[in-house]
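**Student:** just a sequence and a predicted model for now, questions to come.
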Amino acid sequence: QVQLVESGGGLVQAGGSLRLSCLVGGNILSRNFVDWYRQAPGKPGKQRDMVAQIRTGDDTKYADFAKGRFTISKDKAKKTVFLQMNNVTVEDTGVYFCHSGPFGNFWGQGTQVTVSS
């Protein structure tokens, strides 16, 4: 069973930075993409929005709100995917989840990010 374990969340002031980590169990980075989703407080139906994705060939894509501020990267040797978040705003508050596919559909437990004004 593949496990994804997020870490790095916490409280940060608006304009600050935070780096999230996703430790990817097993050996799936060679065949799966990994992406970050977030669930903002009060979202109906606990909707999760894609933030950024990194593919096996290291191609990346970002949600419009993340472009220019967030960077996704991975360290294959450490089996870890990172999300560097810069110039955060209060709208970035939420629970951030790591996800991997398409071979399987794996989710982490989430890490809370709170941005104060």
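**Tutor:** Nice, I can see it.

**Student:** hey, what's the spatially closest residue to residue 32 that is not a sequence neighbour bridged with?
**Tutor:** Beyond its immediate neighbours in the sequence, the residue positioned closest to residue 32 (C-beta to C-beta, 6 or more residues apart in numbering) is residue 100, lying 4.7 Å away. In this view, the C-beta of every residue, glycine as well, is placed from N, C-alpha and C. Beta-bridge pairing of residue 100 under DSSP bridges involves residue 34, residue 106.

**Student:** contacting residues for residue 100?
**Tutor:** Residue 100 makes contacts with 2, 4, 24, 28, 32, 33, 34, 35, 106, as judged by C-beta atoms under 8 Å, 6 or more residues apart in numbering.

**Student:** in contact with residue 76, which residues?
**Tutor:** Contacts of residue 76 (C-beta under 8 Å, 6+ apart): 29, 30.
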